[in-house]
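> Let's see this in three dimensions:
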Amino acid sequence: MTLLFFLLFFMVFGKMIGFAFRATWGLFKVFLYIVFLPLILVGMVFGGLLYLAFPVLIFVGIITLIEGLTD
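Numbers count the residues shown, from 1 in each chain. Next up is the predicted model:
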């Protein structure tokens, strides 16, 4: 009976931990795309790195467009 309890215990909490990792990854992607990427690009432009910021912006735009088409 104890073995069954621990088996089910790890199954339930293992699924919860998996859900927590997926939720955390989703929140991280939101913060990355909405907060950090624009700040990094603006910082690169103000720092005189427009020749690097513009290709990064184009690359991210193309990837976003492709992901939008596949959903």
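
> got a pLDDT number for Ile58?
On pLDDT, Ile58 comes in at 90.

> That one: helix or strand, and which one exactly?
helix 50-70 (DSSP states H and E).

> Any idea how far that helix is from the middle of the chain?
Offset of helix 50-70 from its chain centre (CA atoms, centre = their mean, to the nearest Å): 16 Å.

> next one: stretch 59-71
Centroid separation between stretch 59-71 and its chain, computed with CA atoms, centre = their mean, is 14 Å.

> So which residues make contact with it?
Leu37 (CB atoms under 8 Å, 6 or more residues apart in numbering). Bear in mind the C-beta positions are built from the backbone N, C-alpha and C, glycine included.

> Now that stretch: buried residues?
By 16 or more other CB atoms under 10 Å, stretch 59-71 has no buried positions at all.

> Next secondary structure after the top helix by length along the chain?
Scanning the chain for the helix with the most residues, using DSSP state H, yields helix 2-31. Once helix 2-31 ends, the next helix or strand along the chain (criterion: DSSP H and E) is helix 37-46.

> Could you list the buried residues of stretch 27-47?
So for stretch 27-47, counting by 16+ other CB under 10 Å, buried means Leu41, Met44.
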